[in-house]
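Undergrad: whatever this is, show me its structure:
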Amino acid sequence: MDLERDEDGHLACDADWCEAVARQLAAEADVCLEEDHWRVLHIVRTFYAETGVSPSMRPLVRLMREQGAAHLASSIALLRLFPKSPASLAAKIGGLPRPDKCL
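TA: This is a model prediction of the structure:
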């Protein structure tokens, strides 16, 4: 699938996102999507749809707790799912812009 992306490799248009695109983006990042990954992706996409903001790490942890995903509400849990930079990688695979406060 040929996807238009920004300079950070994130989708240029979040409307181009679908689960097949997520699987492609995840494969490019060497991430095998499982149930918890999908939970994070859907929570992040819903948050973005409501606020227009891709959450950085601290808000992402808080968001997991608020959305009933307490087992994912820690930096360590999110690092296991999305290595190196969980907020940025979750946003990228979720078809969203890079969070403002992420490297």
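
Undergrad: need the residues that contact the helix or strand encompassing Pro59.
TA: In this assignment (DSSP states H and E), Pro59 forms part of helix 57-66. Applying C-beta atoms under 8 Å, 6 or more residues apart in numbering, the external contacts of helix 57-66 come out as 40, 43-44, 47, 55, 70, 72-75, 77-78, 86-87, 90, 99, 101-102. Heads up, the C-betas are built off the backbone N, CA and C, glycines and all.

Undergrad: ok, now which ones touch the residue nearest the centre of the chain?
TA: Central residue of the chain (C-alpha atoms, centre = their mean): Ala90, 1.9 Å from the mean position. By C-beta under 8 Å, 6+ apart, Ala90 lies in contact with 40-41, 44, 60, 78, 81-82.

Undergrad: export those to JSON lines and append columns for secondary structure and distance to Leu11.
TA: As requested, these are exported to JSON lines (DSSP: H, G, I helix; E, B strand; the rest coil; distance: C-beta to C-beta, whole Å):
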{"residue": "Val40", "secondary structure": "helix", "distance to Leu11": "17"}
{"residue": "Leu41", "secondary structure": "helix", "distance to Leu11": "13"}
{"residue": "Val44", "secondary structure": "helix", "distance to Leu11": "13"}
{"residue": "Leu60", "secondary structure": "helix", "distance to Leu11": "18"}
{"residue": "Leu78", "secondary structure": "helix", "distance to Leu11": "21"}
{"residue": "Leu81", "secondary structure": "helix", "distance to Leu11": "19"}
{"residue": "Phe82", "secondary structure": "coil", "distance to Leu11": "16"}
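
Undergrad: many thanks, we can stop here.
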